[in-house]
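> quick one, what's the 3D model for this:
(chains A and B)
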Amino acid sequence: MNRVLNAQNQILDMIARGKPLLEILNTLARVIEEQSGLCLCSILLADKEGKHLKHGAAPSLPEGYNRIVEGIPVADGAGSCGTAAYRRELVLSADISTDPRWVRYREVALKHGLRSCWSSPILASNGDLLGTYAMYFKDPEDLRAFDRQWLPVAAHLAGIAIERQKKEEDLRQVTEKLRALIQSAPLPIVAMNKYGHFQDWNPAAENLFGWTKEEISADPFLFIPVGRTSDHVTIHEQISTGKSISGLVLPHNRKDGSTIDVALYMSPIYGDDGETDGVVGMCVDMTERNRFIQVAAHELRNPMAGVKGILTLLQNELFADQLEREELYQTMEQEIERLSNTLNQILEAFRSGRGEFPFRYEPVNLSDVVKSALQRFLIARHKDRFRLNLPSGTALVKGDFSRLEDVFRNLIGNALKYSPADTLVSISLSLEPEDQSVVVAISDSGLGIPEKEIPLVFESFYRATNLANRDPGGMGLGLSICREIIKRHGGQIWVESREGEGSTFFVKLPMHQGKE
Amino acid sequence: MARILVVEDEPTIVMVLQKVFGFAGHQVVSASNGALALEILHQSPRPELLLVDLMMPVMSGRALIETMREDPNLADIPVVVLTGAVTNVYDFPPQESYQAIINKPFDLNQVLKTVEELLKAE
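Residues are numbered from 1 along each chain as shown, chains lettered A, B, ... in the order given. Below is the predicted model:
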């Protein structure tokens, strides 16, 4: 009995240390063989479907025999092992030369001097078939000489080892899937431990905030605006008592210095001790939705202000002039018409689920659009960096002013961000009468884009690799949205760049043919 | 009589304000964005008071007000902000940079009263 315990401890120790499965099974087979002095062990592993048995460990059986046994079916009559696996019970073949279950394998077994076989199924704790543990003997009589307590012990130990390895493999696969999902998710996903260090910070989060995981881990307060620390402390306290946060909107800093409203959806993660160990969750950028609501309110209140003002005028006896009253009534009617159109657009936007207004195409002077986009950069830090060539004449295109402004704002922002502060950014607009188009070019003397990456810059989540250590934030989603906006205007956007010399982004839009 | 500059890109609102202030005996000039307003501000006679919308193309109300406050020639002109919505806080100029704020849709009598009080205080 002591020998059984020793063998058992040796194997359990290997399992606990996480040794490779095949090494454990080989050791198990050898230990049993040593104890018996007579038997030859074979451990076969069931395939995923539980239909066939594959070689696991059989250190003392002849190679030629193992090859024949490889892949035998789990079926009645498929030798001792196939039958044991099929019936889920111990199968004793006292004499292989006469046992009917050995018909198919008899010849090769006898050729290698194997005369009797005792096989036990290896079952998982939930009853699933994991494999078989077999003991072969060279003499039919040897079987009885060997203490039969060894077989269930060996099969049980093999079961623990196989099941453990399967669970680790399952866990590895789940972890791998989860990691891939988090990495590729278009939503910013973050996880933080109880000490405030970020464990997960996916590319979408990096894209939204501009900070890399390393930067934000080094200083988790980076994205908390001045005066807002107490809000985050409150969240932390709430999470640590096991409560979730759902849709709380807080302002956050981005690396480019701007502030965005982010809705937080956070849940606690529990440790082994049942205590809160950290937090995991999503950050939803509210800027777009807020902007939608803001624009919607603006679009409704302006005509309302007009209507209300006209009503006041009409109530006033001073406006007795019939012609003037007539005009006021007409204007009021137009404003009410506008209100109703705007309302329909808002409803349409909600119905389509896009949360945005349809593009409003009207003749716009592209030169005005570029100037408007420039406006926010004309602050002390940047205002001397521009070299402008925007002809005073009109460059009419049919487009949505604010959407186009977003595109140029993005391109100008990138040009400033990715070039040294003492270099110029030039912006020029030119008319190309031969193909009836207007082209805007924005050039910087920055790092440029490696040639093989040029086709990728307009893809979502592209980030310049040669910036890895300098400023990886920001560029990602912006350019893919720019391309989408320009495409919807029937135009083209492209970049010419040389690494080390700078980049020029071009936007080409069809000229508007009609009159303004 | 005072010279009032209305900076607003809504023609109907400009029209209504023009009529009301006209009746009250004031002279009204208008600009449809901040940049055009700055051009008028640099001409003489200088406007004595501004009514400024916040959301406008080319140059926003915030940018206009901040530019004015940095310019010693324009820093002392009172400004009434007209706001069209629960606007994003980042679109608002600093509180000390304007004298009054009126939400749209506004009550014309209130606009008139606010403007008269500010002019009297000058």
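
> chain neighbours aside, what residue packs nearest to A:Val153?
Excluding the flanking residues, the one nearest A:Val153 by C-beta to C-beta, 6 or more residues apart in numbering or on different chains is A:Val4, at 5.9 Å. Yep, even glycine has a C-beta here, placed from its N, CA and C like the rest.

> now name the helix or strand holding the one you found.
When elements are assigned from DSSP states H and E, A:Val4 belongs to helix A:2-16.

> neighbours of residue 112, how many?
You didn't pick a chain, so chain A it is. For A:His112, the neighbour count with other C-beta atoms under 10 Å in any protein chain shown is 16.

> oops, wrong one, chain B.
17.

> against A:Val425, how distant is A:Ser419?
A:Ser419 sits 7 Å away from A:Val425, going by C-beta to C-beta, to the nearest Å.

> no, scratch that, I was asking about B:Gly22
Taken as C-beta to C-beta, the span from B:Gly22 to A:Val425 is 46 Å.

> ok, those two, which is more surrounded?
A:Val425 (23 against 12).

> tell me the contacts of the more buried one?
By C-beta atoms under 8 Å, 6 or more residues apart in numbering or on different chains, A:Val425 lies in contact with A:Arg385, A:Phe386, A:Arg387, A:Ile412, A:Ala415, A:Leu416, A:Ser419, A:Ile442, A:Ser443, A:Asp444.

> so what's the residue count around the last one?
Think A:Asp444. 26.

> helices of chain B, start to end?
B:11-23, B:34-41, B:61-70, B:108-121 (DSSP state H).

> out of the ones you listed, flag the one nearest A:Lys177.
helix B:61-70 (47.6 Å; C-beta to C-beta).

> now do that closest one and helix B:34-41, the angle between them.
Per axes from the mean of the first three to the mean of the last three C-alpha atoms, to 10 degrees, the angle that helix B:61-70 makes with helix B:34-41 is 30 degrees.

> quick one: helix B:61-70 near chain A?
Yes: counting by C-beta under 8 Å from any C-beta of the partner chain, contacts between helix B:61-70 and chain A involve B:Ala63.

> coming back round to it: just send the helices of chain B back as a markdown table, with mean pLDDT and distance to A:Leu44 too.
As requested, those are exported to a markdown table (pLDDT from 0 to 100; distance: least, C-beta to C-beta, whole Å):
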| stretch | mean pLDDT | distance to A:Leu44 |
| --- | --- | --- |
| helix B:11-23 | 91 | 86 |
| helix B:34-41 | 92 | 82 |
| helix B:61-70 | 90 | 77 |
| helix B:108-121 | 92 | 90 |
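
> which of those sits closest to A:Ala58?
helix B:61-70 (80.8 Å).

> in three-state terms, label the closest residue to chain B within the stretch 351-500 of chain A for me.
Per C-beta to the nearest C-beta, A:Ser372 is where the stretch 351-500 of chain A lies closest to chain B, at 4.8 Å. State at A:Ser372, reduced to three classes by DSSP: H, G, I helix; E, B strand; the rest coil: helix.

> in space, what's closest to it - neighbours in sequence excluded?
Per C-beta to C-beta, 6+ apart, closest to A:Ser372 is B:Val58, 4.8 Å.

> right, and A:Lys220 touches A:His197 too?
Lys isn't right for residue A:220; it's Pro. Yes: applying C-beta atoms under 8 Å as the test, A:Pro220 and A:His197 come out as touching, 7.2 Å apart.

> of those two, who's got more company?
A:Pro220 (16 against 13).

> report the contact partners of that one.
A:Met192, A:Gly196, A:His197, A:Phe198.

> would CSV of those with pLDDT, distance to chain B and secondary structure be doable?
Shown next, in CSV, are the contacts of A:Pro220 (pLDDT from 0 to 100; distance: C-beta to the nearest C-beta, whole Å; DSSP: H, G, I helix; E, B strand; the rest coil):
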residue, pLDDT, distance to chain B, secondary structure
A:Met192, 88, 27, strand
A:Gly196, 77, 27, coil
A:His197, 83, 30, coil
A:Phe198, 86, 26, strand
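
> please export the C-alpha coordinates of the strand or helix carrying A:Gly281 as CSV.
Per DSSP H and E, A:Gly281 falls inside strand A:276-285. Coordinates of each C-alpha in strand A:276-285 appear next as CSV, following Å, rounded to 0.1, in the frame of the first residue of the first chain:
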residue,chain,number,x,y,z
THR,A,276,-12.8,43.5,-5.5
ASP,A,277,-9.6,43.2,-7.4
GLY,A,278,-10.1,45.7,-10.1
VAL,A,279,-12.4,47.1,-12.7
VAL,A,280,-13.2,46.4,-16.3
GLY,A,281,-15.4,48.3,-18.7
MET,A,282,-16.1,50.3,-21.8
CYS,A,283,-15.8,54.0,-22.5
VAL,A,284,-18.3,55.4,-25.0
ASP,A,285,-17.4,58.7,-26.8
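
> got the angle for whichever helix or strand comes after that strand vs helix B:108-121?
Next helix or strand after strand A:276-285 toward the C-terminus (DSSP H and E): helix A:287-315. Angle, helix A:287-315 to helix B:108-121, by the same axes, to 10 degrees: 90 degrees.

> returning to what we had before: any idea how many residues pack against the residue nearest to A:Ser372?
There are 19 residues near B:Val58, going by other C-beta under 10 Å.

> please report the distance of it from B:Val52.
14 Å.

> between the two, what contacts are shared?
In contact with both B:Val58 and B:Val52: B:Gly34, using C-beta under 8 Å, 6+ apart.

> what residues are up against the residue with the shortest distance to the centre of chain B?
Centroid-nearest residue in chain B: B:Leu51, 1.6 Å away (criterion: C-alpha atoms, centre = their mean). Shown in contact with B:Leu51 (C-beta under 8 Å, 6+ apart): B:Ile4, B:Leu5, B:Val6, B:Val7, B:Glu8, B:Leu17, B:Val79, B:Val80, B:Leu82, B:Val111, B:Val115.

> neighbour-wise, which of those residues leads?
Among the contacts of B:Leu51, B:Val7 has the most neighbours (other C-beta under 10 Å), with 29 neighbours.

> which element, helix or strand, includes A:Val369?
With DSSP H and E as criterion, A:Val369 is part of helix A:366-375.

> who in the stretch 351-500 of chain A is up against chain B?
Residues of the stretch 351-500 of chain A lying near chain B (C-beta under 8 Å from any C-beta): A:Asp368, A:Lys371, A:Ser372, A:Gln375, A:Arg376, A:Phe401, A:Ser402.

> can I get the residues you listed in a markdown table including neighbour count?
Converted to a markdown table, those look like this (neighbours: other C-beta atoms under 10 Å in any protein chain shown):
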| residue | neighbour count |
| --- | --- |
| A:Asp368 | 19 |
| A:Lys371 | 21 |
| A:Ser372 | 23 |
| A:Gln375 | 17 |
| A:Arg376 | 15 |
| A:Phe401 | 18 |
| A:Ser402 | 18 |
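
> so for these, which is the shakiest by pLDDT?
Of all these, A:Arg376 carries the smallest pLDDT score, 68.

> can you count the residues close to A:Met266?
By other C-beta under 10 Å, the residues close to A:Met266 number 21.

> against A:Gly242, how distant is it?
For A:Met266 relative to A:Gly242 (C-beta to C-beta), the value is 12 Å.

> against which helices or strands is the helix or strand in which A:Phe506 is found packed?
Under the criterion of DSSP H and E, A:Phe506 resides in strand A:502-510. With contacts taken as 3 or more C-beta pairs under 8 Å, 6 or more residues apart in numbering or on different chains; DSSP states H and E, strand A:502-510 sits against strand A:396-399, helix A:401-417, strand A:437-443, strand A:492-498.

> pull the CA atoms of the shortest one into CSV?
Taking Å, rounded to 0.1, in the frame of the first residue of the first chain, the C-alpha atoms of strand A:396-399 are listed here in CSV:
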residue,chain,number,x,y,z
LEU,A,396,-17.4,76.5,-55.2
VAL,A,397,-18.2,72.9,-54.4
LYS,A,398,-21.4,71.2,-53.5
GLY,A,399,-21.0,70.0,-50.0
